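Colleague: quick one, structure for this:
(2 chains)
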Amino acid sequence: MTSVPALAVRGLQVRLRPPRRSGAASAAILHGLSFTAPAGQVTAIVGANGVGKTTVLRTIIGAVPAAAGSIEVMGRALGPADVPLPEGVAVVADASPYPDHWTAHDVARLHQGCVPRFSVRRFGAELRAHEVDLDARIRDLSRGQVTQLLVAAALASAPHLLILDEPLARLDPLAREELVDRLRTQLATEDTTIVLTTHDLDGMDRFVDHLVVIADGRCVLEGAVEDLRDELVLVELPGMLPSGLVLEGAERIGDLTRGLLPADDAAGLPPAARLLRPGLTDLVTGALRHARGTDRTNR
Amino acid sequence: MTTTTTPPRTRSLRALRVELRLHRETVAGTVAFSVIALLAAGLLTDILIWVAPLWAALLWYRLGREDGEQAADLRASLGLSRADALRGRAALVVLLTLGLTVVTAAGTGIADAVGMDGATSLVVLGSTAEGPVTPVLLVLPIQALAIGLQLTVTGLMVGKECTTRRPSAWMWPLSLISYGGAVLLTSLLAMAGGFLVLQLTHRIELPFEQEIQLFGLAQIVLLAILLVLALQLLRRRVRVWAGALDAGGEVSRG
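Modeller: Modelled structure (predicted):
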């Protein structure tokens, strides 16, 4: 059975002007980006720093207009300035969007007045569970606590679709693990779709279902993680690659050449080749290296 | 998966509420300034009353400058479209401008009632050696309508630049220059309208005081018509500005 994806992006193009120079020429940030985020799953949008991951999310939620392309969120076509996000979408930005003299109480009042599903009780419980002082001003909270505050506000809205921009970037290892657990629980108990951007996939292997890798404003790899891990093999070969063999995103580690190969092509490999099931990081780094044209050993 | 649609009117009210919350310091500052200006008009001087329109003229710029990139993300995540956010901002400016206009007129009335030296506006409409001849009941609406019109014209001049992107620093002097231009234009139009009516009625012999009152009434009618037209135009422009948020798909990163 195929269901409507929680998010469908087709041919998205975005141009941005540099800040404080209204006359300056704009630069294309996204060049025809396309991907989908299946409902009820975790989709990770991955790419190097500055590749436009935040711009993708800002465009999806409608904060930034697209120059071309289409966006559908939970079945609603977005894009025109007058079309808002549908109800049931919560967003965790990569930095606090609230005035920094606000407290958690101010945040609660704002959301309570705008988000019908927002639960003040749950918001308070989430913050207390993570030892965030509800009376503290946001500027006095640590960066990790600010992330906890943003996540608490989003989860208190009982979202169908939760969009997070680099949620793990400012968290210590323990807090990262706790956040991933919270999101897993959310996914399991409330059937929430999660879309997140990250450039750090540590500990995400068993969390992410769907992978979207962005480079140079385009999608260079997309698919269900398990399908990608079945379709590709990680090949490790001692010495140089035999002529005619092309490994995607290949790299040299000492005397070893490492790269991805379609599983169907693995039959013709030399006996010395070692075949491994690629992890999430292998898939991403291989795709990024291939996209950058820095696969040094297969050219 | 089903999606719920919030009616546009609900979203507009929600957008205004969000603007009131996000700019509550500016709103509180405006209220505090108004109270101080009114108290000063009754006790010390009416000079602050004349600062109120300048304060209002700068509102488009100030509220625009207070917003960062994240504020747009926040509004979007609260279910407000870019157009809703723009309409909410415009509604907040109009609301505060209305308040400051009333404060200016009320302050002038208070200053006049307590006999404050320099109850300046009363001089404008004509006086004799015995003092002003235009009743305060005529002066105050003229003043309120004129200031409302001047500030609406200012909004028409600077509103787009201050709502469709984060305004650059030069928008604050431009706001004041626009306001100054609007004051000049409004004064000329009001005077011309008043004199035109006097000219049309010159065959009727009226005492000087009644002529002045007719002059004032003509100004009220003219200014009221112009204000309604300017507000309608502002409403249409806000729609156009919201439409411009789509055009080109280019935004500033800052």
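Colleague: and the stretch 101-250 of chain A, which residues reach chain B?
Modeller: Selection of the stretch 101-250 of chain A residues close to chain B by C-beta under 8 Å from any C-beta of the partner chain yields A:106, A:109-111, A:113-115, A:160. The way it works is simple: take the backbone N, C-alpha and C, and place the C-beta from them, glycine included.
Colleague: near residue A:97, how many other residues are there?
Modeller: Residues near residue A:97, counting by other C-beta atoms under 10 Å in any protein chain shown, number 24.
Colleague: any idea which element it lies in?
Modeller: Using DSSP states H and E, residue A:97 falls within no helix or strand.
Colleague: now the residues of the stretch 101-250 of chain A next to chain B in JSON lines, with distance to residue B:203, secondary structure and neighbour count?
Modeller: Putting these into JSON lines (distance: C-beta to C-beta, whole Å; DSSP: H, G, I helix; E, B strand; the rest coil; neighbours: other C-beta atoms under 10 Å in any protein chain shown) gives the following:
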{"residue": "A:106", "distance to residue B:203": "66", "secondary structure": "helix", "neighbour count": "16"}
{"residue": "A:109", "distance to residue B:203": "65", "secondary structure": "helix", "neighbour count": "14"}
{"residue": "A:110", "distance to residue B:203": "64", "secondary structure": "helix", "neighbour count": "20"}
{"residue": "A:111", "distance to residue B:203": "68", "secondary structure": "helix", "neighbour count": "22"}
{"residue": "A:113", "distance to residue B:203": "61", "secondary structure": "helix", "neighbour count": "16"}
{"residue": "A:114", "distance to residue B:203": "62", "secondary structure": "helix", "neighbour count": "22"}
{"residue": "A:115", "distance to residue B:203": "67", "secondary structure": "coil", "neighbour count": "23"}
{"residue": "A:160", "distance to residue B:203": "75", "secondary structure": "coil", "neighbour count": "23"}
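Colleague: of these, closest to chain B?
Modeller: Closest approach between these and chain B, by C-beta to the nearest C-beta: residue A:114, at 4.3 Å.
Colleague: check the gap between the closest one and residue B:80 for me.
Modeller: For residue A:114, the distance to residue B:80 equals 8 Å [C-beta to C-beta, to the nearest Å].
Colleague: mind giving me the domain ranges of chain A?
Modeller: Domain ranges of chain A: A:7-223, A:225-292, per automatic domain parsing.
Colleague: quick one on the thing from earlier: overlap of the contact sets of residue A:114 and residue B:80?
Modeller: Contact with both residue A:114 and residue B:80 is made by residues B:14, B:18, according to C-beta atoms under 8 Å, 6 or more residues apart in numbering or on different chains.
Colleague: all strands of chain B, in order?
Modeller: For chain B, applying DSSP state E gives strands covering B:127-128, B:131-132, B:250-252.
Colleague: lowest mean pLDDT across those, which one is that?
Modeller: With a mean of 46, strand B:250-252 has the lowest mean pLDDT of these.
Colleague: low pLDDT regions in chain A?
Modeller: Residue ranges of chain A with pLDDT under 70: A:1-2, A:18-24, A:294-299.
Colleague: scan it for its longest helix.
Modeller: Counting residues, the longest helix found in chain A (DSSP state H) is helix A:173-190.
Colleague: so what pLDDT did residue B:92 get?
Modeller: Residue B:92 is assigned a pLDDT of 96 by the prediction.
Colleague: look at residue A:33 and give its secondary structure.
Modeller: Secondary structure assignment for residue A:33 (DSSP: H, G, I helix; E, B strand; the rest coil): strand.
Colleague: and the closest residue in space to it that isn't next to it in sequence, what are its phi and psi?
Modeller: Spatial nearest neighbour of residue A:33, excluding adjacent residues (C-beta to C-beta, 6 or more residues apart in numbering or on different chains): residue A:12 at 4.3 Å. Main-chain torsions, residue A:12, degrees, to the nearest 10: phi -70, psi 130.
Colleague: residue contacts, residue A:12?
Modeller: A:30, A:32-34, A:56, A:59, A:66, A:68-71.
Colleague: please report the distance of it from chain B.
Modeller: Look at residue A:12 and chain B: by C-beta to the nearest C-beta, to the nearest Å, they are 10 Å apart.
Colleague: flag the shaky bits of the stretch 151-254 of chain B, pLDDT-wise.
Modeller: Applying pLDDT under 70 to the stretch 151-254 of chain B picks out residues B:247-254.
Colleague: switch to 50 and redo it
Modeller: Flagging of the stretch 151-254 of chain B using pLDDT under 50 yields the residue ranges B:249-254.
Colleague: do the stretch 1-150 of chain B as well
Modeller: For the stretch 1-150 of chain B, the stretches with pLDDT under 50 are B:119-127.
Colleague: just give me the residue right at the centre of chain A.
Modeller: Nearest to the geometric centre of chain A sits residue A:197, at 2.1 Å (C-alpha atoms, centre = their mean).
Colleague: okay but it is in contact with residue A:52, surely?
Modeller: No - Residue A:197 is beyond contact range of residue A:52, at 9.7 Å (criterion: C-beta atoms under 8 Å).
Colleague: now the longest helix of chain A: buried residues?
Modeller: Across helix A:173-190, burial judged by 16 or more other C-beta atoms under 10 Å in any protein chain shown covers A:175-176, A:179-180, A:182-183, A:186-187.
Colleague: same check, this time on stretch A:236-248
Modeller: A:237, A:241, A:245, A:247-248.
Colleague: in strands only, show me those.
Modeller: Using DSSP E, these in strands are A:237, A:248.
Colleague: looking at the buried residues of stretch A:236-248, spot the one nearest residue A:145.
Modeller: residue A:248 (40.9 Å; C-beta to C-beta).
Colleague: now do the nearest residue to that closest one once chain neighbours are set aside against residue B:92, distance only.
Modeller: The shortest distance from residue A:248 to any non-neighbouring residue, by C-beta to C-beta, 6+ apart, is to residue A:260 (4.3 Å). Separation of residue A:260 from residue B:92 (C-beta to C-beta): 54 Å.
Colleague: how about residue A:199?
Modeller: Here residue A:199 is placed at a distance of 38 Å from residue B:92 (C-beta to C-beta).
Colleague: of those two, which one has the most company?
Modeller: residue B:92 (22 against 17).
Colleague: contacts only, for the closest residue to the more buried one other than its chain neighbours.
Modeller: Excluding the flanking residues, the one nearest residue B:92 by C-beta to C-beta, 6+ apart is residue B:19, at 4.3 Å. Going by C-beta under 8 Å, 6+ apart, residue B:19 touches B:63, B:85, B:88-89, B:91-92.
Colleague: Serialize the residues you listed to a markdown table and add fields for distance to residue A:192.
Modeller: Output for those, formatted as a markdown table (distance: C-beta to C-beta, whole Å):
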| residue | distance to residue A:192 |
| --- | --- |
| B:63 | 35 |
| B:85 | 26 |
| B:88 | 28 |
| B:89 | 32 |
| B:91 | 34 |
| B:92 | 34 |
